[in-house]
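[1] quick one, fold the following:
(one chain, ligands or ions: 1)
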Amino acid sequence: MLTMDDIVREGNPILRAVAQEVVMPPTHEEKETLKKMREFLINSQDDEIAEKYKLRAGIGLAAPQIGISKRMIAVYIPEEDKIHDYTLFNPKIISHSVENTYLEGGEGCLSVDREVPGYVPRHARVKVKAYNIDGKEITLKLKGLPAIAIQHEIDHLDGIMFYDHINKENPFAIPDHCPTN
Ligand SMILES: [Zn+2]
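    Numbering: from 1, shown residues only. Reported below is the predicted structural model:
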């Protein structure tokens, strides 16, 4: 199983590299890697396992974060009525809303061992094309936290960290195109 020892931290150049497309169909090894990434997320959200193995809770993980510069991500977000459970190869945002959104509490990252305060602007809704673990092409339409998480993970495939998006002058400025309430 993956533990925090496997997680690459900021400062490692792999987090700033553009990751390679995965050739379809994926190899057995690539599929196993994606399964392990998903398993890490599930373990990290289980209080007992997380405590035992000292895992920081995460809802998303990109392959560069475990030292593999390939376009592979896992997202695991249990909600009341459904679980957003995605293991994807070559995810790509094919369209998005004009409306933006952000998390009130800012974002965190398993590769960043510090708090970085500020709002991270994200598209409120995204349509993502990807290949699932079996190498089948799929399209996802996401909003809310799953949309934010998938944008955070796809950014990792392009060498982008969440704090790159934070307004330098005023980290808590409401981003453009966010509805005011
Ligand atoms: Zn991250």
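[2] can you point out the buried residues in stretch 166-181?
    Going by neighbour count (16 or more other CB atoms under 10 Å), the buried part of stretch 166-181 is residue 166. From N, CA and C alone the C-beta is placed, and that goes for glycine too.
[3] hmm, I typed the wrong one, I wanted stretch 113-129.
    Buried residues in stretch 113-129 (16+ other CB under 10 Å): 116, 118-128.
[4] repeat that for stretch 72-86.
    For stretch 72-86, a neighbour-count test (16+ other CB under 10 Å) marks 72-77, 84, 86 as buried.
[5] and these as a markdown table, adding distance to residue 173 and pLDDT?
    Formatted as a markdown table, those follow (distance: CB to CB, whole Å; pLDDT from 0 to 100):
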| residue | distance to residue 173 | pLDDT |
| --- | --- | --- |
| 72 | 34 | 98 |
| 73 | 29 | 98 |
| 74 | 32 | 98 |
| 75 | 28 | 98 |
| 76 | 31 | 98 |
| 77 | 27 | 98 |
| 84 | 29 | 98 |
| 86 | 31 | 98 |
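[6] show me the residues you listed that map onto strands.
    Members of these lying in strands (criterion: DSSP state E): 72-77, 84, 86.
[7] which of those lies closest to residue 93?
    Residue 93 has its nearest neighbour among those in residue 73, at 12.1 Å by CB to CB.
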